[in-house]
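Colleague: Quick check, what structure comes out for this input:
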Amino acid sequence: MEIDADVRQELLSLPKGLAEEVSRNLVMVARLIDEEPERAYAYSRIALRLASRVAAVREAAGFSAYAVQKYSEALAEFRAAKRMTGSVELWPIMADCERGLGRPERALAMAGEPEVQKLDKAGQVEMRLVAAGARRDMGQLDAAIVTLQSPELASNAVQPWTARLRYAYADALLAAGREDEAREWFAKALEADRDGTTDASDRLAELDGVEFVDALDGDEEGDEDELDGQDPAEVARAERASDQTEYYDEDDDEYEPIAQSEADADADADVDAGADTADEAVVVEDEVRDGDKA
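Modeller: Numbering: from 1, shown residues only. Predicted structure coming up:
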């Protein structure tokens, strides 16, 4: 798997050996982020430690942090990438990070900022999805439904965003108790879902009273445990400690501290003094090098 030409161009600013090492880690992030986001996150931390002044590295770190629900960290990385490039393409996912941090009102405010007008059509649709989600977070279900009603939703043309937009609309209708309409739009989402990005078929089956049982679930779970090879206690500790942990970027002018909940404080107390994500990333880096030597 290769990284795209724009990223390769950015890496040319680095010494050759360093650029190759950063590139290898970015490739691993891209390869693992969907199926093994925790491992992708570890590789992104290695790349970040090696080349924090490269925008593509900050962006990759943001997406991998977002994938493991480290929203404060993801937001800081996305802001850093935006400062470096001047691009607004990350604006919708930055707004969604605000939702993840429990600040839907900020996400909604971002939906009304001038940056949205600079987005391409896909970005504007994504921003609409985030805004509708923020409305739902705030208990404004009817407003969420109205937010999703748009020319893109009404169009019969199938675009990369069509399935997700129709699915979000169907889900909002169902939450509002409009089951017949929801079923219609889940069916329309399924028609547009050529890549299986949604579970519209399952939602339709659920509405029709059909239940599927996967007899292999138990075996697959056992296989995953066997292949994982990680200490369950370590994994549990990391999950407790990292869920919405606040992340500070010293160059981020928009940084605002968020209040720490009692649960987060308890989680922090469980983490060994001096242990941090960078240390864990170094361990992964050593393992990767050992694997390369083997």
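
Colleague: quick check: mean pLDDT across the helix or strand hosting Y41?
Modeller: Element membership for Y41 (DSSP states H and E) is helix 37-50. For helix 37-50, mean pLDDT rounds to 96.

Colleague: Extract the CA atoms of it and return them as CSV.
Modeller: What follows is helix 37-50 as a C-alpha-only set of coordinates in CSV (Å, rounded to 0.1, in the frame of the first residue of the first chain):
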residue,chain,number,x,y,z
PRO,A,37,-7.6,1.5,15.0
GLU,A,38,-5.6,1.1,18.3
ARG,A,39,-2.6,-0.2,16.3
ALA,A,40,-3.1,2.5,13.7
TYR,A,41,-3.0,5.0,16.5
ALA,A,42,0.2,3.7,17.9
TYR,A,43,1.9,3.9,14.5
SER,A,44,0.6,7.5,14.1
ARG,A,45,2.2,8.4,17.4
ILE,A,46,5.6,7.2,16.1
ALA,A,47,5.2,9.3,12.9
LEU,A,48,4.2,12.3,15.0
ARG,A,49,7.2,12.0,17.2
LEU,A,50,9.5,11.8,14.1
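
Colleague: Counting neighbours, show which residues of it come out buried.
Modeller: Residues of helix 37-50 classed as buried: 37-50 (neighbour count, 16 or more other Cβ atoms under 10 Å). C-beta: built from backbone N, CA, C; applies to glycine.

Colleague: tally of neighbours for G102?
Modeller: Counted with other Cβ atoms under 10 Å, the neighbours of G102 add up to 14.

Colleague: what about it, distance to Y43?
Modeller: Distance, G102 to Y43, by Cβ to Cβ, to the nearest Å: 28 Å.

Colleague: And the helix or strand where I93 lies, how far out from the chain middle?
Modeller: If you go by DSSP H and E, I93 is part of helix 91-100. Chain-centre distance of helix 91-100: 9 Å, with Cα atoms, centre = their mean, to the nearest Å.

Colleague: Then stretch 188-200?
Modeller: 20 Å.
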